[in-house]
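>>> Got a predicted structure plus its sequence, pasted below:
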Amino acid sequence: MGPQTPYELKRKTEIPYGYCQCGCGGLSPVAKWTNKRYAHIKGFPVRFISGHHNKTRKRNRKGGITQRSDGRTRILKHGHHRANNGYVLRAVFIAENVLGKNLPFDAVIHHFDGNPGNDNNENLVICENRAYHSLLHKRKREKEKLWKSNLWPL
């Protein structure tokens, strides 16, 4: 085991001394000079490989789930064919799992109850394109208009 440094005494992780503390398993470089701001001590390994200190915070911050301003939920799925910055709409991911294959890029997911946060299987309708999705919304508006004017047949 190497010499003890101030930040090593405070550390509560089980990652061995001299390895990057983000958990990537890479060997940390040795500090060329002392820098109090970053707690680097000349001749000792630094805690993180350059750029890795942000990975632990980003990965643990929200668990890979984010909420968009329109209420839709995105999940972190790197390598997914419809991923945008690594995130995929949860409704798309659920629909593809139920369907058993990838959706085409022009397919749109419609929420039957109008709640974009409700991603249950029974609530999702796969539309072949935006035109069909718009038609569903138009039909719903017309139905509500008839219902309010008491012309809807019971």
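That came through fine.

>>> The nearest residue to Gly114 once chain neighbours are set aside: neighbouring residues, count only.
Among residues not flanking Gly114 along the chain, Lys140 sits closest, at 7.7 Å (CB to CB, 6 or more residues apart in numbering). (Glycine included, C-beta is placed from N, CA and C.) Counted with other CB atoms under 10 Å, residues neighbouring Lys140 total 13.

>>> What of Lys138?
Neighbour tally, Lys138, other CB under 10 Å: 10.

>>> Arg82 and Ala107 touch, don't they?
No - Arg82 is beyond contact range of Ala107, at 9.4 Å (criterion: CB atoms under 8 Å).

>>> higher neighbour count, the two?
Just comparing Arg82 and Ala107: by other CB under 10 Å the higher neighbour count belongs to Ala107, 19 against 16.

>>> quick one: terminal-to-terminal distance for stretch 116-136?
By CA to CA, to the nearest Å, the extent of stretch 116-136 from end to end equals 15 Å.

>>> List the buried residues in that stretch.
Using 16 or more other CB atoms under 10 Å as the test for burial, stretch 116-136 gives 116, 119, 123-124, 126-127, 133.

>>> same thing with stretch 90-107?
So for stretch 90-107, counting by 16+ other CB under 10 Å, buried means 90-96, 103, 107.

>>> one step back: any residues touching the one helix or strand the residue nearest to Gly114 maps to, and which ones?
Following DSSP states H and E, one finds Lys140 within helix 130-148. With CB atoms under 8 Å, 6 or more residues apart in numbering as the test, helix 130-148 has contacts from 106, 108, 110, 114, 125, 127, 152.

>>> among these, which two are most distant?
Asp106 and Trp152 (32.8 Å; CB to CB).

>>> Specify the beta-bridge partners of the most centrally placed residue in the chain.
Centroid check for the chain by CA atoms, centre = their mean gives Leu76 as the closest residue, at 3.0 Å. In this entry, Leu76 is beta-bridged to Tyr87, by DSSP bridges.

>>> I appreciate the help and will end here.
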